[in-house]
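Student: Sharing a model that was predicted from the sequence below.
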Amino acid sequence: MALGRRMFLKSAGGALLGIPFLASLAPKNARAATAPAAKRFIAIHSYSGQFSREWYPTTTPAGYQLRDAIYPNSSKADGTTYLSQRVPGTRHSWARLSDFAQAGVSNVIGTSLNAHLDKINLLRGVDFMVGGSHSSGAYLGNYAASAAAEAQALPEMPTIDQVLAYSPRFYPTAPKKRSLHLGTGSPNTVSYTNYGVPGGVIEQASAILNPAQAWDDVFRGFSAPNTPREHPNRSLLQAVREDYLRVSRHPRLSASDKQSLDRHVTFLADVERGLMQQNQQTCTVPPRPRNIENGYPWGDVSHVSDLADTVSLMIDVAVAAIRCDLTRIVTFDIQKALFDISGTLAASFHNSADVAGDWHQFAHDAASSPDAKRRFVAISQWITRAVFGAFLDRLDVEEADGKTFLDNSLVVWGNELGYDHYSTDVQTLMAGGAGGALNTGYYVDYIDWTQSYANPIEWGVLTPGVPHNRWLVTMLQAMGLEAADYEQNGQPGYGYGQIVSAPWMWPGYANPQLGVPLPGITV
């Protein structure tokens with residue numbers, strides 16, 4: 001005998017009504033099962049390092065002291081805030097970033113990121129084990145891309161963004177673009193790739209400098225899906241819910257049965273919301289930006305307002321590409337930046353030729369010239385607001401299940417070197433929990449300040465922290481990879497694991513633990 005749709009719905013409704021509501025087996029907050037949210041990786045790369053007193057907290061909220069009070073007349077008295085709380089089981093220290101919100105985290109970071117502090121980690125004491133001058137690829141793991149490494153003939157390696165780009169764990173299916181590379185000032189990038197071919201030739205990726213070209217690269221030929229889409233199972237739920245509501249109006253229904261029925265109706269409503277959320281679309285294709293030529297080679301400088309528009313428009317394109325799931329990897333290489341010390345924006349290249357008014361020249365003169373230092377610091381303040389902060393603002397909107405795109409992403413900003421031309425303490429700012437893989441909201445100092453070695457310079461204190469390799473491992477694992485997916489030649493961790501050409505009397509690490517993720521921030 002054929003079973004009609006209405007009979008099926010009545011049977012389904014009756015069966016559900018006949019089952020007692022058992023809170024221990026069917027909790028009220030049950031939801032439709034959803035696939036894990038995709039993870040995304042965004043890396044911002046800048047140049048010439050930071051001064052510790054400009055980059056790290058130097059204020060003393062209630063309960064805090066300066067390092068100068070803890071280590072008076074010592075090389076460890078560097079004017080930064082002392083952290084008394086230890087990361088459990090370690091000699092590292094940490095504090096909640098929100099403790100510094102009122103005065104601003106630091107001179108560079110200021111208060112512009114306060115809305116996101118609970119999703120940010122500021123790391124101190126992450127060291128390149130390969131020393132010496134500027135490097136294009138070391139920040140993401142290709143330590144061979146530096147003058148010192150070239151002198152030692154270190155092997156080239158793909159940067160971790162490209163390890164992710166060709167990993168089936170990160171991309172279960174091939175995306176439209178495995179990675180999107182953006183930049184200002186130069187097509188050079190922090191990213192090196194072998195296109196997923198083990199042992200293949202390593203090539204440096206090229207950055208897009210024009211926002212119209214970035215849009216074409218991602219959205220040309222793409223049509224956004226219709227939004228919102230109706231989940232196919234919602235019609236069945238709606239029909240069953242109608243049966244429940246009809247029964248609830250029956251004159252012989254007792255008060256206790258009415259309460260039981262209401263609980264079932266609430267449960268169905270929760271399931272229905274879950275189905276709606278599971279299939280929610282968040283992809284909107286932005287209008288194609290205007291064509292802006294942005295000055296390469298160095299001498300061809302576009303107008304300042306054009307550079308500001310370029311950065312904002314390219315971030316719009318990148319975030320839209322992420323939300324449409326056309327790519328899950330973005331790098332942004334900042335070699336031309338803006339700064340403001342007098343109420344007017346000005347542009348500056350990072351040019352190794354040391355042209356007057358150039359970012360690199362500001363860095364060289366910063367220790368002796370207050371004006372050069374103000375300009376140097378102002379460049380990083382602009383990157384904080386206009387690049388790193390802009391990504392956070394655009395990504396910290398709900399994606400699904402109460403989580404934002406930022407919650408499911410990892411946005412990092414770091415440098416080619418640390419203090420001056422040293423490789424110790426490569427300043428690193430992170431945001432996003434990588435889908436729950438990372439703890440966030442902390443300022444973590446990975447330097448063991450109980451050790452005796454501390455060499456002060458104008459930029460900070462040279463003292464060992466933890467190998468940068470461990471930060472790479474932390475990110476690779478947070479993105480879902482396992483050691484077997486990235487380790488090479490039986491060596492733990494990622495990247496070259498021995499100290500090379502350190503330009504000072506470097507004591508090394510008692511236990512480098514190259515393959516172990518960083519404590520504190522790793523869940």
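Tutor: Thanks, I have the structure now.

Student: Strands along the stretch 251-400 of the chain, start to end?
Tutor: 329-334, 336-339, 346-349, 398-400 (DSSP state E, counting those that start in this stretch).

Student: quick one: average pLDDT of the shortest one?
Tutor: Per-residue pLDDT over strand 398-400 has a mean of 95.

Student: Next SSE downstream of that strand?
Tutor: strand 403-404 (DSSP states H and E).

Student: quick one: low-confidence ranges for the stretch 51-200 of the chain?
Tutor: 132, 147-152 (pLDDT under 70).

Student: again, 80 this time
Tutor: 131-133, 146-153 (pLDDT under 80).

Student: Strands of that one, residue ranges please.
Tutor: 65-66, 81-82, 93-96, 120-124, 126-127, 180-184, 192-193.

Student: Let me know which of the ones you listed is tucked in deepest.
Tutor: strand 126-127 (a mean of 27; mean count of other CB atoms under 10 Å). Just so you know, the C-beta spots here come from the backbone N, C-alpha and C atoms, and that holds for glycine as well.

Student: Report all helices and strands that that strand contacts.
Tutor: When contacts are defined as 3 or more CB pairs under 8 Å, 6 or more residues apart in numbering; DSSP states H and E, strand 126-127 packs onto strand 466-467, helix 468-478.

Student: Please dump the ones you listed into TSV; it should also carry mean pLDDT for every row.
Tutor: Compiled in TSV, the helices and strands packed on strand 126-127 are given as follows (pLDDT from 0 to 100):
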stretch	mean pLDDT
strand 466-467	94
helix 468-478	97
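
Student: and of the strands of the stretch 51-200 of the chain, who's closest to Gln213?
Tutor: Gln213 lies closest to strand 180-184 among the strands of the stretch 51-200 of the chain, at 9.9 Å (CB to CB).

Student: hmm, back to that, can you put the strands of the stretch 51-200 of the chain in TSV and add distance to Thr404?
Tutor: Converted to TSV, those look like this (distance: least, CB to CB, whole Å):
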stretch	distance to Thr404
strand 65-66	35
strand 81-82	29
strand 93-96	20
strand 120-124	13
strand 126-127	26
strand 180-184	20
strand 192-193	29
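
Student: between the ones you listed, which gets nearest to Phe376?
Tutor: Among the strands of the stretch 51-200 of the chain, if distance is taken as CB to CB, the winner is strand 180-184, at 17.0 Å.

Student: what residues does the closest one touch?
Tutor: 189, 191, 205-209, 214, 217-218, 294, 307, 310-311, 314, 318, 321, 327, 329-337 (CB atoms under 8 Å, 6 or more residues apart in numbering).

Student: angle of it against strand 329-334?
Tutor: 10 degrees (axes from the mean of the first three to the mean of the last three CA atoms, to 10 degrees).

Student: and the residue most central in space within the chain, what element?
Tutor: The centre of the chain sits closest to Val411, judged by CA atoms, centre = their mean, with a distance of 1.3 Å. Using DSSP H and E, Val411 falls within strand 409-415.

Student: so who does Thr284 touch?
Tutor: Contacts of Thr284 (CB under 8 Å, 6+ apart): 224, 227, 320, 323-324.

Student: Against Phe332, how distant is it?
Tutor: 21 Å (CB to CB, to the nearest Å).

Student: Surely the residue nearest to the centre of the chain touches Ile42?
Tutor: Yes - the pair Val411 / Ile42 is scored as a contact, 4.5 Å apart, by CB atoms under 8 Å.

Student: Quick check: neighbours shared by those two?
Tutor: Common neighbours of Val411 and Ile42 (CB under 8 Å, 6+ apart) are Phe391.

Student: Helices of this protein, residue ranges please.
Tutor: 5-18, 52-55, 67-70, 147-151, 160-165, 211-219, 234-248, 255-278, 304-323, 359-365, 370-383, 389-395, 468-478, 483-486 (DSSP state H).

Student: remind me which residues of the stretch 401-523 of the chain are low pLDDT?
Tutor: Checking the stretch 401-523 of the chain against pLDDT under 80 turns up 500-508, 510.

Student: Excluding sequence neighbours, find me the nearest residue to Thr327.
Tutor: What sits nearest to Thr327 in space, not counting adjacent residues and going by CB to CB, 6 or more residues apart in numbering, is Lys177, at 4.2 Å.

Student: for Val444, same thing?
Tutor: In space, Val444 is closest to Trp94, 4.5 Å off (CB to CB, 6+ apart).

Student: what's the burial count for Glu54?
Tutor: 20 (other CB atoms under 10 Å).

Student: who's in contact with the nearest residue to it once chain neighbours are set aside?
Tutor: Nearest in space to Glu54, with sequence neighbours left out and distances taken as CB to CB, 6+ apart, is Asn107 at 4.6 Å. Asn107 makes contacts with 53-55, 58, 377, 381, as judged by CB under 8 Å, 6+ apart.

Student: could you redo the last one with a cut-off of 10 Å?
Tutor: Residues in contact with Asn107, defined by CB atoms under 10 Å, 6 or more residues apart in numbering, are 51, 53-58, 377, 380-381.

Student: Pull out the buried members of those.
Tutor: 51, 53-58, 377, 380-381 (16 or more other CB atoms under 10 Å).

Student: Tell me the one of the residues you listed nearest Pro464?
Tutor: Using CB to CB, these come closest to Pro464 at Tyr56, 16.9 Å.

Student: how close does the nearest residue to that closest one once chain neighbours are set aside get to Trp94?
Tutor: Spatial nearest neighbour of Tyr56, excluding adjacent residues (CB to CB, 6+ apart): Thr80 at 4.7 Å. Separation of Thr80 from Trp94 (CB to CB): 14 Å.

Student: so how far is Met314 from the closest residue to Pro286 other than its chain neighbours?
Tutor: In space, and not counting its chain neighbours, Pro286 is closest to Ala320: 4.9 Å by CB to CB, 6+ apart. Distance from Ala320 to Met314, counting by CB to CB: 11 Å.

Student: So which of those two has more stuff around it?
Tutor: Using other CB under 10 Å as the criterion, Ala320 and Met314 rank with Met314 on top: 30 against 20.

Student: mind listing what the more buried one touches?
Tutor: By CB under 10 Å, 6+ apart, the neighbours of Met314 are 180, 182-184, 207-215, 289, 292, 294, 330, 332, 387, 390.

Student: Now list the buried members of these.
Tutor: Of those, these count as buried by 16+ other CB under 10 Å: 180, 182-184, 207-215, 289, 292, 294, 330, 332, 387, 390.

Student: Number of residues surrounding Ser167?
Tutor: 19.

Student: how close does it get to Glu458?
Tutor: 42 Å.

Student: Isn't Ser341 up against Asp371?
Tutor: Rather than Ser, residue 341 is Ile. Yes - with contacts counted by CB atoms under 10 Å, Ile341 reaches Asp371, the gap being 8.1 Å.

Student: got any residues that touch both of Thr80 and Trp94?
Tutor: 124, 445.

Student: Columns distance to Tyr509 on top of the strands of the stretch 251-400 of the chain, output as CSV?
Tutor: Output for the strands of the stretch 251-400 of the chain, formatted as CSV (distance: least, CB to CB, whole Å):
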stretch, distance to Tyr509
strand 329-334, 28
strand 336-339, 33
strand 346-349, 36
strand 398-400, 39
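
Student: Looking at those strands, which is nearest to Leu117?
Tutor: That would be, of the strands of the stretch 251-400 of the chain and by CB to CB, strand 398-400, which comes in at 18.9 Å.

Student: quick check, distance from that closest one to the centre of its chain.
Tutor: Put simply, strand 398-400 sits 17 Å off its chain's centre (CA atoms, centre = their mean, to the nearest Å).

Student: Nearest residue to Glu458 in space, please, no chain neighbours.
Tutor: Ala367 is the one closest to Glu458 (CB to CB, 6+ apart), at 4.2 Å.

Student: The one you found: neighbour count?
Tutor: Ala367, neighbours per other CB under 10 Å, totals 14.

Student: Asp118 now?
Tutor: Asp118: 14 neighbours (other CB under 10 Å).

Student: The closest residue to it other than its chain neighbours: what's it in contact with?
Tutor: Using CB to CB, 6+ apart and skipping the chain neighbours, the partner closest in space to Asp118 is Gly441 (4.4 Å). By CB under 10 Å, 6+ apart, Gly441 lies in contact with 94-98, 116-122, 433, 521.

Student: Perfect, that will be all.
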